[in-house]
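A.B. asks: Attaching a predicted model along with its sequence, questions to come.
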Amino acid sequence: MALHCSIMASARQIRPRMLNVDLIAVVVAALLPWSTSGVSIGMVVWLAALAATLELRPFLRSLQRPISALPIALVALAVAGTLWSDASWGARLYALSPATKLLVLPFLFYHFERSTRGMWVFVGFLVSCALLTVMSWLVAIDPSLSLKAPGEAGGHGIFVKNYIAQSQEFVLCTVVLAFPIFTLLRDGKIRQALLLTAVAASFILNMAFVIVSRTALVTLPIMLVVFAMAHLRWRTNVLLFIAAVVLGALAWTLSPQLQATTDKFSREYRIYKEFNEPTSIGLRLEFWEKSLRFFAEAPVIGHGTGSTRRLFEAAATGPAALAQGAVIGNPHNQTLNVAVQWGAVGVVILYAMWFSHFSMFRRAGLAAWIGLMVVLQNVFSSLFNSHLFDFHEGWMYVLGVGVAGGMVLRARSEAAESSRA
């Protein structure tokens, strides 16, 4: 509480300069669905602008909170891991880079605990994703509109980036919108609720009839179940479950794209087992099995930062065209990615960080709901990818948790002040 009072006192003195910091954050969030370099440059500009408003003593005190200390600890472990790695220094530094974005979290917590404009950031991201659905439909109709080079990996209906990143954005927007839609319906604001429902439906229709990742197909139902359990009565949940099954079956029947995506699960597994071909599912099984062996060889502190590719090269058997011969620097699982490089120590810090952020959002309110969904999406999607360290999904986590976390910390402290008044 004393920390929050100190932070708020400094905020009142520098409020005019804080607006610039907020607006830059909105721009970064709006750029995230479209540009990698734009986000990188934008975050550097944001940190520079924040420096002009930062009060050193309150900020340093805020670093003692687990929500800030644990991301720092994970990055510190990655830095220390360069010392016992056998990889080249280029590989060590390359593997260290994806983790460093977590260092921005404490700055986001600190700033948006002072600011009242955190919701602007999320509105900017939502509007940007809504515009991306329009471009996705246009590209699906006319592929020449895509900014992807011909034959470049991305997917049907992809204007920029790739179908996995796009699906992650659309899933998050869809589930987050469930909260305000429910709130507006409960308050009798039907027109506003229908408007947000139409926006959410645009994301769902795009995923059903244009393109969707298999990770999104798994995480979307889980996140919707969490919403239903948290906010709806059991009778409503039963009716919604029946409706979801019917609509899901109808969408699958009408959408060749959705059928092809779901059919890939069994077809790719069968091809991998029978012909040893490097299908997506087959490669993941190979990566996970070998990563578990690597972890068993160095279970406490791992093999060191950047060691993953060298380990896969040593374990490859047969030609690279076969699944057993595939070499990669990322095992497509966040836990295994950490375990191979930094052992059980890294896994404990990773899960402690996820849990501390999850616990922060176990309260009422839209900001808490946004933060909770960001954490859950990252945790579940990281079963199939290393999304915390991937550029796009990693920044979704950092911005989502950082901004929502600051808003929740501010609301919590204001509520405590009101109860004592």
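C.D. replies: Structure's in. What do you need? Numbering: from 1, shown residues only.
A.B. asks: Quick check: the gap between Leu220 and Ala344.
C.D. replies: Leu220 is 32 Å from Ala344, where distance means C-beta to C-beta, to the nearest Å. From N, CA and C alone the C-beta is placed, and that goes for glycine too.
A.B. asks: again, but for Ala178
C.D. replies: Taking C-beta to C-beta, one finds Ala178 at 37 Å from Ala344.
A.B. asks: Looking at those two, which one has more neighbours?
C.D. replies: When Ala178 and Ala344 are compared for neighbours, Ala178 comes out ahead with 21 against 15, by other C-beta atoms under 10 Å.
A.B. asks: Is that one in contact with Thr197, as I believe?
C.D. replies: No - using C-beta atoms under 8 Å, Ala178 makes no contact with Thr197, being 9.5 Å away.
A.B. asks: pLDDT averaged over whichever strand or helix holds Glu169, what's the number?
C.D. replies: Taking DSSP states H and E as the criterion, Glu169 maps to helix 163-186. Helix 163-186 carries an average pLDDT of 90.
A.B. asks: Quick check: what element follows that helix along the chain?
C.D. replies: Beyond helix 163-186 toward the C-terminal end (DSSP H and E), the next one is helix 190-209.
A.B. asks: ok, and what's touching that following helix?
C.D. replies: Here helix 190-209 makes contact (C-beta atoms under 8 Å, 6 or more residues apart in numbering) with 126, 129-130, 133, 136-137, 157, 167, 170-171, 173-174, 177-178, 180-181, 184-185, 216, 220, 251, 254-255, 257-258.
A.B. asks: Run a quick neighbour tally on Ala415.
C.D. replies: Ala415: 11 neighbours (other C-beta under 10 Å).
A.B. asks: backbone phi and psi for it, please?
C.D. replies: Backbone torsions of Ala415, given as degrees, to the nearest 10, read phi -70, psi -40.
A.B. asks: What does the pLDDT read for it?
C.D. replies: 77.
A.B. asks: same question, Ala149
C.D. replies: In this model, Ala149 carries a pLDDT of 65.
A.B. asks: list the helices and strands the helix or strand Ala80 falls within packs on?
C.D. replies: In the assignment (DSSP H and E), Ala80 maps to helix 66-81. Other helices and strands packing on helix 66-81, by 3 or more C-beta pairs under 8 Å, 6 or more residues apart in numbering; DSSP states H and E, are helix 89-96, helix 105-114, helix 334-360.
A.B. asks: Now do the buried residues in the first one.
C.D. replies: In terms of neighbour count (16 or more other C-beta atoms under 10 Å), helix 89-96 has its buried residues at Ala91, Arg92, Ala95, Leu96.
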